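> Based on what follows, work out the 3D shape:
(chains A and B)
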Amino acid sequence: MATIKAGSIRKGMYILFKNAPYLVTKTDFLSPGKGSALMRVKLKSVLSSGTTDFSFKSNETVEEVDVSSMQMQYLYLDGDELVFMNPDTFEQQSVPIDLVGEQHKLLIEEQQIYVLMYEDKPIGVRLPEKMRLKVALAEDADGGNTVGQARKTVELETGLKILAPLFVKTGDTLIIDVATMSYLSRG
Amino acid sequence: MQKNWSALLVREAVIDAIRLFFKSNGFHEVETPLLVECADPEPSIEPFSTSLIQASDSYRGYLTTSPEFSMKKLLAQGSGHIFQICKSFRNAEPVSSRHNPEFTILEWYRVDANYNDIMDDCEKLLKFIFDYLEGKKLLADFRFDLSSPWEKISVAEAFQKYAGIEELLLHDEEKFKSMASKKGYAVESETSFQELFDQILVNEIESNLGKTRPTILYDYLAPQAALAKKKSSDPRYAERFEFYINGVELGNAFSELTDSKEQLARFQDQNRARLLQGRPEMKIDDDLIKALSKINQEMGGIAVGVDRLVMLFSGKEDIGETLAFSARDVFSLDQ
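Here you go, the predicted model:
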């Protein structure tokens, strides 16, 4: 564990806040009135799904925590947990869905995904910005007289339903934007 | 078209409205130097330093962090009510959603007036800008009610109401620090009262200020207002206020300190604080001290962040979105 000044906190770091690890999702410098230098950070808990805002004094010490990532194979969804396997040791790890969010609906079985570990406990996954998924079901749609951005609902191989252009067919591969879980292009 | 063009149109109109407002209310517009010999010794501010070269001589100079000192010299010469819109510069503050190293400041000073008169000016000015922008159809989804009177809450009341901190603690550094420590704030040996005060203000109080209409936070602790007059009814406080909309501080006002001896003593205190921080002393602006000694009427004045006003009226969350080119663009800084 490394000690840093709060003024050096950057987006993407993991820090200890009130004895729990948090991911820093945003930083902002503040100088209230003619006063002190403060660092406002947006924090996302890695042990629960909560988020919080806090302003540190820029010169106060904060503990940066080591979060490691390990490439694992996604196996299946078990209730409210995602089960992953270390392909070298065959050891399994479960990650609560809460820590991954809605994006877990993009995971394909046997896919290689980076699982984030803190003190030997899985605390989340690192997903790529874009993912390729096959269309399991796309009904033929008649564009009719619609102009512009006509969309229909299609079902992906993971069961997730998204809006896609009318020309998308069953069996197509789509590129999906992970953050918004929306159609980007045909891949 | 430039990415921030709509906000730049709001900026143009906000500045037009400010000029119109003050010129129709008996103020003169003034221009004072941005390059000066004596910078504000305020320990929390770092000015940009440069040098003036004249033949073989070189003179240390600074870009102004506010036009306050020069404007007070004009007031001492009998200028009457004055205002100025100019650039000000502050170094060493990280570029953020609310800070750009060069920013546009509006300052105005009223003679025979105190901070209550400046509060009235603020209410009228903001309403005037709102009406002006509305007339130009430049407002979209403006959700704040700017009608008078604004909410007013003293610093002591706000600490009690939003942070549960008794007024007495504000005047007892040891007890204030142990309370802050119990609340979970880091209190180290070098942590100052002011840092903890600001940290609690930001974490527990500011987000409650100016939620649906502006809030005036008034009567700061006397040591927190180096250029303000102390309250005659309670000298533990100074006649200083800030006004907030949407948790963002837009302006900082004082009943101006016009006692030249007291001002000199406060500058000397600030220089001592700078030395303790390991920074050089600032040359004290003797012309300002002399000017203050000639003033024998009350004065109220304020500094308002024009970029922040543009943020408010254009609905932008980041100061950079209100600027043609922010320091991030100019210096290619990381986001």
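
> Only the buried residues of stretch B:29-49, if you could.
Under the neighbour-count criterion of 16 or more other Cβ atoms under 10 Å in any protein chain shown, stretch B:29-49 has B:30, B:32, B:36, B:38-48 buried. All C-beta atoms are positioned from the backbone trio N, CA, C, and that covers glycine.

> repeat for stretch B:151-162
Using 16+ other Cβ under 10 Å as the test for burial, stretch B:151-162 gives B:153-156, B:158-160, B:162.

> Rebuild these as CSV, extending it with pLDDT, secondary structure and distance to B:Asp112.
Below are the buried residues of stretch B:151-162 laid out as CSV (pLDDT from 0 to 100; DSSP: H, G, I helix; E, B strand; the rest coil; distance: Cβ to Cβ, whole Å):
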residue, pLDDT, secondary structure, distance to B:Asp112
B:Ile153, 98, strand, 27
B:Ser154, 98, strand, 24
B:Val155, 97, helix, 26
B:Ala156, 98, helix, 28
B:Ala158, 98, helix, 30
B:Phe159, 98, helix, 32
B:Gln160, 98, helix, 34
B:Tyr162, 98, helix, 35
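
> wait, which of the residues you listed is closest to B:His171?
B:Ala156 (9.4 Å; Cβ to Cβ).

> my read: that closest one touches B:Leu170, true?
Yes - using Cβ atoms under 8 Å, B:Ala156 makes contact with B:Leu170 at a distance of 6.2 Å.

> And B:Lys290, how close does it get to chain A?
As judged by Cβ to the nearest Cβ, to the nearest Å, B:Lys290 and chain A stand 24 Å apart.

> in the host helix or strand of that residue, what's buried?
Assigned by DSSP states H and E, B:Lys290 falls within helix B:286-294. By 16+ other Cβ under 10 Å, the buried positions in helix B:286-294 come out as B:288, B:291-292.

> Next up, the contacts around B:Ile129.
B:14, B:17-18, B:21, B:309, B:313 (Cβ atoms under 8 Å, 6 or more residues apart in numbering or on different chains).

> Restricted to helices, list these.
If you go by DSSP state H, the contacts of B:Ile129 have B:14, B:17-18, B:21, B:309, B:313 in helices.

> and the two most separated of these?
Largest separation among the ones in helices among the contacts of B:Ile129 by Cβ to Cβ: B:Phe21 and B:Phe313, giving 14.0 Å.

> Same drill for the two, tell me which one is more crowded.
More neighbours surround B:Phe313 than the other of B:Phe21 and B:Phe313, with 26 against 20 (other Cβ atoms under 10 Å in any protein chain shown).

> is it true that A:Met85 touches A:Met70?
No - using Cβ under 8 Å, A:Met85 is not in contact with A:Met70; the gap is 10.9 Å.

> and the two? which has more neighbours close in?
Just comparing A:Met85 and A:Met70: by other Cβ under 10 Å the higher neighbour count belongs to A:Met85, 17 against 14.

> How about the contacts made by that one?
Residues in contact with A:Met85, defined by Cβ under 8 Å, 6+ apart, are A:72-73, A:75, A:91-93.

> Could you rerun that using 7 Å?
Applying Cβ atoms under 7 Å, 6 or more residues apart in numbering or on different chains, we find A:Met85 in contact with A:72-73, A:75, A:92.

> taking those as a set, which two sit the farthest apart in space?
Greatest spatial distance in those: A:Gln73 and A:Gln92, 9.8 Å, computed using Cβ to Cβ.
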